[in-house]
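>>> the sequence and its predicted three-dimensional model are supplied below.
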Amino acid sequence: MSYKIAVKKRTETGKNVNNRLRASGQVPINIIGGGIAASGSVNEKELEKIVHSGIRQSTLIDLDVEGAGVQKAFVKEIQRFPEIDRIRHVDFYKVETGKKIITKIGIRTEGIAKGSKAGGQFDHLIHEIRVKTVPEDLIESLVLDVSDLDVGDFIKVSNLKVPASWEIMVNGDPIVAAVLKTKALLAQERADAKEAAGDKKGGKKGK
């Protein structure tokens, strides 16, 4: 899904100016990139619509900046008024084609693990990862099909299918998702092992 919002330029800053902007239905923003921060404002309702659509830090947004054209950026930080839950200010980070950035990519799963149906416990342990990549290879989230995961199976970070440009910034090789043995399964395994051992002893006595 693509997102686009118009940005009005602003040269005045300060508390009183920002309050007047908010009173007129605008939200003050900064667009940061190349060591420069440019000030602007966007329509509050349009911004809320984009934010509530479920965007992540890796979601690229087209900022149609007054007098400067369209610039691609992602939301770096959103400040809100806690008492009324309205957006107070937003920092956007402008991206440049071919220049790597560091951001967070969400991880979501689809399907029901085979091991869950067999009584195992499915655990989704890592819900997002930090990556360094070029903007062209950004995606909002990785989707893992966990349908084939049986009891005892797991998916590690190294098993993720990601673009070649991605540098995943994580220590070690942690488990992203797994199907664990439950206490009930472990108890059943012990009972089965005990029964098998008993049958084996019984068979020897019969001889």
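Right, received. Where do you want to start?

>>> quick one: strands adjacent to the helix or strand where residue 132 lies?
Element membership for residue 132 (DSSP states H and E) is strand 128-133. Using DSSP bridges, the strands paired with strand 128-133 are strand 101-110 (antiparallel), strand 167-168 (antiparallel).

>>> most tightly packed of those?
Burial of these is given as mean neighbour count (mean count of other C-beta atoms under 10 Å); strand 101-110 ranks first at a mean of 16. C-beta: built from backbone N, CA, C; applies to glycine.

>>> contacting residues around that strand?
Strand 101-110 has contacts (C-beta atoms under 8 Å, 6 or more residues apart in numbering) with 56-58, 74, 93, 95, 124, 126-135, 138-146, 160, 169, 176-177.

>>> related to what we said a few turns ago, need the contact partners of the strand holding residue 132.
56, 100-107, 142, 157, 162-163, 165-170.

>>> in that strand, what's buried?
Buried positions in strand 128-133, judged by neighbour count with 16 or more other C-beta atoms under 10 Å: 128, 129, 131, 133.

>>> try stretch 87-97
87, 89, 90, 92, 93, 94, 95.

>>> could you do stretch 109-124 as well?
Buried residues in stretch 109-124, defined by neighbour count with 16+ other C-beta under 10 Å: 109, 113, 114, 115, 116, 120, 121, 122.

>>> low-confidence stretches in the chain?
Counting by pLDDT under 70, the ranges of the chain that qualify are 1, 186, 188-189, 192, 198-207.

>>> what's the domain layout of it?
With domains defined by automatic domain parsing, the chain comprises 4-94, 101-202.

>>> bridged to the nearest residue to residue 153 once chain neighbours are set aside, which residues?
Using C-beta to C-beta, 6 or more residues apart in numbering and skipping the chain neighbours, the partner closest in space to residue 153 is residue 179 (5.6 Å). Residue 179 forms beta bridges with residue 122, as assigned by DSSP bridges.

>>> if I look at residue 179, how far off is residue 112?
11 Å (C-beta to C-beta, to the nearest Å).

>>> so what's residue 175 up against?
Shown in contact with residue 175 (C-beta under 8 Å, 6+ apart): 125, 126, 154, 155, 156.
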